[in-house]
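**Q** after the sequence you'll find the predicted model.
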Amino acid sequence: MTKLTTLIAQQPKLTRNDADASVDAVFSSIASSLEAGRLIELRGFGSFGLKERQPRTGRNPKTRESVAVEAKRVLFFKTGKELRERVDG
């Protein structure tokens, strides 16, 4: 697996430190926006968002005992059309 910062640092006029700072800034911005409940869309790549899960009664698969599951926010990623087409060939 190739690190994103390594790929970016290969671009002309960019140092490894510039690439690291750029990647950190992008991911920090995405994380901050998701924490605030906003949808993030990267055109051609996909979108990140949150879904609200309501509290429910679950079941422990080992003991078959009922367990209360609290409400929570779940992160999701939906691929963009261009990325899907590129990966599918």
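**A** Looks like it arrived, so ask away.

**Q** chain center to the longest helix seen in the chain, what's the gap?
**A** Identified as the longest helix of the chain according to DSSP state H is helix 16-35. Remark: helix 16-35 is offset 12 Å from the chain centroid, using Cα atoms, centre = their mean, to the nearest Å.

**Q** pull the residues that contact that helix.
**A** Around helix 16-35, the neighbours that count as contacts under Cβ atoms under 8 Å, 6 or more residues apart in numbering are 4-6, 8-9, 11, 14, 40, 48-50, 75. From N, CA and C alone the C-beta is placed, and that goes for glycine too.

**Q** could you redo the last one with a cut-off of 10 Å?
**A** Outside helix 16-35, the residues that touch it by Cβ atoms under 10 Å, 6 or more residues apart in numbering are 3-11, 14-15, 38-40, 42, 48-50, 73, 75.

**Q** where exactly do the helices run in the protein?
**A** Assigned by DSSP H, the chain shows helices spanning 4-9, 16-35, 81-88.

**Q** now do the helix or strand bottoming out on mean pLDDT in the chain: which elements does it pack against?
**A** Lowest on mean pLDDT, DSSP states H and E among the helices and strands of the chain sits helix 4-9, with a mean of 78. Other helices and strands packing on helix 4-9, by 3 or more Cβ pairs under 10 Å, 6 or more residues apart in numbering; DSSP states H and E, are helix 16-35.

**Q** still on that earlier bit, as TSV, the helices of the chain with distance to Gly58 would be great.
**A** As requested, these are exported to TSV (distance: least, Cβ to Cβ, whole Å):
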stretch	distance to Gly58
helix 4-9	36
helix 16-35	25
helix 81-88	32
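
**Q** out of those helices, flag the one nearest Arg64.
**A** With respect to Arg64, and counting by Cβ to Cβ, the nearest of the helices of the chain is helix 16-35 at 35.4 Å.
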